[in-house]
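S.K.: Provided below for reference: sequence and predicted model.
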Amino acid sequence: MRMNGKAGLSSALYPACIVLLLLANGFLLWKYAQARAQSGHNGRGADSQAVARLFQRPLQSLNGESVRLADAEARFVVLFVFTPGDCHVCLQELSDLNAADSGGFQVFGLMSNASLDELGQTRQNFGVNYPLLADPDGRLLASLRLPKTPWKIVVDVKRNRIVYEDLPSVTAAERQAFLSRLNMIGNL
Amino acid sequence: MQQRNYRVPFYLLVLTLGLTCPPEGFAARRGASLTLVKTTQLRKPAGHVHQVVPVPGGGLIVRDSDFHDEKTQVAELYSDAGYYCGQFGSFGHGPGQYYRLKSVAVGSDQTVWLADIIGRISRFDMEGRLVSTRLLQRPGYQVDWMVLDEPRATYYLAGYLPKKIYIDHGNSLIHKYRLGDDAFNRSYLDNHEEVLWYNLTSLADVNFDADARGRLYVVDAPIMKLTLLEPESGNASTFPVESDVITPVSPIGSGKEAAEKAYTDSHLIDRVLVGDAHVLLSIRRPREEGFLLQIFDHAGRQLASDVPSPGQLVGKTADGHFYFARRSGEGFELAEYEVTPAARRAQTVTR
């Protein structure tokens, strides 16, 4: 079968265009990934640079004291970030985290969009023993660029890096699994 | 063999019984109607009127909760003559703000209570200053409605409180709190099973009101039933809504689109309000084609059905009349109606 000249040209150009488009897409994706890496955001968790900044800044605790997460004595900090509007089942983990606040771990709750009074209510409602920190206007929460709230972040303070992060545990089995996971992290 | 024809006497018997012994609801369902008392022009050029609460000592609080444009949500204060005087709180996530403003109530001390869907109760003074906030966390649920019962030092909230983590495993609907320290007391009523069977949780919206004796009249949007709850004993009786035009909500498939279509195409209960002697149940027609009223007495007997509503049922006065709102000119007409026995009809709304 013979092709005329015009048809032959267009049939050769077509795959070339496809290849060019694929290359252009690949380049854009590479640039995007570079930009994300520079901002420290992997698209699935917290902005690691923002977390590092958060650790250095003074935060207000329930009793009005200034707390710096970087000053934690334990090697690992478990940060539970939440707001009053989060799913109520998810917030039940606030109570379970009392058990994690020992050994090589120190737990902090960061409550955004809530007053100090509401922070106190939360402490009472869930029987929280670890420090709850205030983010009344939600600016800290916005800077962390979390995929969702509540969100758990475990930070190795010594190495200054996030070692684990996830949504809260909803069922008792999931909560137990998280505590076991913390044990594993602590043994590393 | 000759066969006897029993048809004629049978039909005569049915006709006789039908004329002499009408079904219970038949006579009763024509036993009440609405009489216009007065109208007020609300100078509210934009937005909606979803709830009106009179303030002891004068004035009206208007809740405007448009969840399609959340930022326009607001609780506003109007004078009795309908002039705007100020607002309480604003859209937002922080203390004193509301993400989805679900209900407004006013205490006898003129404290304004706002219930946000996230479970935050904000209290304001009449100057619009935030007095206190309360987070409902244990138990925690999305709030649908709120009623103060000051004579019994109680307030109630409505919302689906899951019994086993997720709302599709069964829920309690009404939750009792103590005035003063906001202590949770107990929950009442399981959700209607049809809600779970037919996957209607996306349409569920619990609404209720209290009578002077503290009894609660509870409805859930997709279920055409009225439940009378006595909080003291915990006893509850449920009465079906008798109607010639309302079609029950069909089971909903999965997905957001199916839920949105069901919301648009279904008859859904919008409000229940309790007056001195009557209970008004307002049902939103499909595709926003107005509202139908079902009128009950305090014992749960249906007195009238499918009465076209003169607007959206939005509140009640201290003396047991009902407010209906509808757009009119540059604002809203707020019409005050009383429910009267059919024989006393004056200026009535007819079918």
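M.R.: Alright, I've got the coordinates.
S.K.: separation between B:Ile165 and B:Ile118?
M.R.: 18 Å (CB to CB, to the nearest Å). The C-beta positions use only the backbone N, C-alpha and C, and glycine is treated the same way.
S.K.: among those two, which residue is more densely surrounded?
M.R.: Neighbours of B:Ile165 and B:Ile118, each counted by other CB atoms under 10 Å in any protein chain shown, are more numerous for B:Ile118; the result is 22 against 12.
S.K.: read off the pLDDT value for that one.
M.R.: As predicted, B:Ile118 sits at a pLDDT of 94.
S.K.: state the mean pLDDT of stretch A:128-138.
M.R.: 93.
S.K.: show me which positions of it end up buried.
M.R.: A:Val128, A:Tyr130, A:Pro131, A:Leu132, A:Leu133, A:Ala134, A:Asp135, A:Pro136 (16 or more other CB atoms under 10 Å in any protein chain shown).
S.K.: pretty sure the second one is touching A:Leu97, no?
M.R.: Yes: applying CB atoms under 8 Å, one finds A:Tyr130 in contact with A:Leu97, separated by 6.7 Å.
S.K.: which neighbours do the two share?
M.R.: A:Val107, A:Gly109 (CB atoms under 8 Å, 6 or more residues apart in numbering or on different chains).
S.K.: mind checking the pLDDT average for stretch A:70-85?
M.R.: The model assigns stretch A:70-85 a mean pLDDT of 94.
S.K.: residue closest to the middle of chain B?
M.R.: Nearest to the mean C-alpha position of chain B, counting by CA atoms, centre = their mean, stands B:Arg271 at 1.9 Å.
S.K.: which ones are touching it?
M.R.: Neighbouring residues of B:Arg271 by CB under 8 Å, 6+ apart: B:Asn207, B:Leu280, B:Leu281, B:Ser282, B:Leu313, B:Val314.
S.K.: next, A:Ser143: phi, psi?
M.R.: phi -70, psi -30 (degrees, to the nearest 10).
S.K.: now do the same contact list for it.
M.R.: A:Asp47, A:Ala50, A:Arg53, A:Leu54.
S.K.: tell me the most packed of these, by neighbour count.
M.R.: A:Leu54 (24 neighbours).
S.K.: that one: what secondary structure?
M.R.: In three-state terms, and counting by DSSP: H, G, I helix; E, B strand; the rest coil, A:Leu54 is helix.
S.K.: ok, it touching A:Leu140?
M.R.: Yes: A:Leu54 is within contact range of A:Leu140, at 6.2 Å (criterion: CB under 8 Å).
S.K.: contact partners for the closest residue to chain B within chain A?
M.R.: Closest residue of chain A to chain B, CB to the nearest CB: A:His88 (2.5 Å). By CB under 8 Å, 6+ apart, the residues touching A:His88 are B:Gly119, B:Gln137, B:Pro139, B:Gly140, B:Tyr141.
S.K.: ok, for the second one, nearest residue in space, not its chain neighbours?
M.R.: Using CB to CB, 6 or more residues apart in numbering or on different chains and skipping residues adjacent in sequence, the residue nearest B:Gln137 is A:Asn125, 4.4 Å away.
S.K.: next, count neighbours for A:Ser112.
M.R.: For A:Ser112, using other CB under 10 Å, the count is 25.
S.K.: that one contacts A:Leu141, correct?
M.R.: Yes: applying CB under 8 Å, one finds A:Ser112 in contact with A:Leu141, separated by 3.8 Å.
S.K.: can you list residues touching both of those two?
M.R.: Joint contacts of A:Ser112 and A:Leu141 (CB under 8 Å, 6+ apart) are A:Val81, A:Thr83, A:Asp135, A:Thr149.
S.K.: list the buried residues in the host helix or strand of B:Asn171.
M.R.: Using DSSP states H and E, B:Asn171 sits in strand B:166-178. For strand B:166-178, the neighbour count (16+ other CB under 10 Å) marks B:Ile167, B:Gly170, B:Asn171, B:Ser172, B:Leu173, B:Ile174, B:His175, B:Lys176, B:Tyr177 as buried.
S.K.: so A:Phe80 is in which element?
M.R.: strand A:76-82.
S.K.: continuing past that strand, what's the next helix or strand?
M.R.: Next element after strand A:76-82 (DSSP H and E): helix A:88-91.
S.K.: thinking again about what came up before, packing partners of the strand holding A:Phe80?
M.R.: helix A:93-96, strand A:105-112, strand A:151-156, helix A:172-187 (3 or more CB pairs under 8 Å, 6 or more residues apart in numbering or on different chains; DSSP states H and E).
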